[in-house]
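[1] Everything below, folded, please.
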Amino acid sequence: MNFSIYDYKDFKQFGKENHKAYLEENPFPSGYYDGFFNEDLLSQILDEFPDLDVVGDVKFVNANEKKLATKGEYKLGDKATEFIRFMNSQPVLEMLSELTGIEDLIPDPSLVGGGYHEIKPGGFLKVHADFNKHPVNKLDRRLNVLVYLNKDWEEEFGGFFELWNDDMTEAVTKILPLFNRMAMFSTTSNSYHGHPDKLTCPEGRSRKSIALYYYTNGRPEEEVNEFLADHSTIFKARQGKDSSEETEAYISRKLLKEKKNKKRTDQIQFIKSLVPPVLWDLIKK
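    Got it, this is the predicted structure:
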């Protein structure tokens with residue numbers, strides 16, 4: 001069964017044709033693509049999408065997020081399982097590499113943080129950068145792909161997927177989560193994104209998606225932050241928009257992180273003072 005409207009031989013060409021635009025998107029490499037998938041097959045996935053309030057594995061309810069999700073494949077429907085395995089297949093991986101310029105992408109069959117996602121009226125996900133290492137195999141997280149399953153979705157329902165600049169002053173890109181829309185972005189420690197405003201869709205409706213994450217063994221040196229070698233989700237407060245409670249929580253986390261970073265910097269500087277420059281360069285490499 002082919003979930004795409006394209007033949008496999010066309011996948012690489014699709015990636016090549018959209019590569020330049022992807023890299024040039026602001027505030028970081030990203031893009032969204034409508035109609036990539038066979039609508040009938042995607043509708044079958046939507047038909048079997050369960051109520052995650054009832055069968056979901058994870059319920060996030062705190063100042064930074066109010067959302068539902070699954071863990072692994074066990075709660076997925078048959079069509080969703082087949083779809084995710086298709087998205088982890090060689091032709092799709094090659095297309096994603098051509099599109100993003102990230103070579104040797106590795107899928108995550110265990111779906112850590114991926115799978116079904118659902119947000120109901122009043123739900124949200126504050127702006128954040130994702131965890132940067134797979135918690136089990138420690139591969140580097142490089143690409144997020146989101147496939148939206150929301151038919152007849154209106155702008156007034158909200159639920160925009162937002163990509164934010166570093167200083168948290170502006171959502172540079174806003175993407176409405178429309179049915180058969182695939183959004184993706186390159187994942188780094190400052191690729192800030194989220195669905196930060198409360199969902200205003202009618203009761204009985206929800207914002208549904210399938211999330212897939214892709215990894216590599218290492219990442220480019222320019223993307224490495226030696227002070228954030230392995231971090232969990234980093235939430236950011238939007239300037240002038242988030243509540244004082246959320247901002248204070250963010251500041252507390254930031255101060256703790258800065259304290260740890262300073263300690264680590266002092267340790268690195270001490271070691272560096274004991275090591276000849278040539279040897280230090282080799283250690284960094």
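[2] Please count neighbours and contacts with C-alpha atoms only from this point.
    Noted.
[3] Could you list the low-confidence segments of the stretch 101-250 of the chain?
    Along the stretch 101-250 of the chain, segments meeting pLDDT under 70 span 226-228, 243-250.
[4] Could you pull out the strands in it for me?
    106-107, 115-119, 124-129, 140-148, 161-164, 171-175, 181-186, 193-195, 207-216, 234-235 (DSSP state E, counting those that start in this stretch).
[5] Which strands or helices does the fourth one pack on?
    Identification of packing neighbours for strand 140-148 by 3 or more Cα pairs under 8 Å, 6 or more residues apart in numbering; DSSP states H and E yields strand 181-186, strand 207-216.
[6] for the longest one, same thing?
    Packed against strand 207-216 by the contact rule (3+ Cα pairs under 8 Å, 6+ apart) you find strand 106-107, strand 115-119, strand 140-148.
[7] Could you list the domains of the chain?
    Listed domain ranges for the chain are 8-235, 244-284 (source: automatic domain parsing).
[8] from those, which stretch is densest packed?
    domain 8-235 (a mean of 18; mean count of other Cα atoms under 10 Å).
[9] so can I have JSON lines of the helices and strands packed on strand 207-216 showing distance to residue 271?
    Converted to JSON lines, those look like this (distance: least, Cα to Cα, whole Å):
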{"stretch": "strand 106-107", "distance to residue 271": "35"}
{"stretch": "strand 115-119", "distance to residue 271": "43"}
{"stretch": "strand 140-148", "distance to residue 271": "26"}
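[10] Residue 206: which of the ones you listed is closest?
    Distance to residue 206, taken as Cα to Cα, is lowest for strand 115-119 among the helices and strands packed on strand 207-216, at 5.7 Å.
[11] which other residues reach the closest one?
    With Cα atoms under 8 Å, 6 or more residues apart in numbering as the test, strand 115-119 has contacts from 52, 66-73, 76, 199, 206-212.
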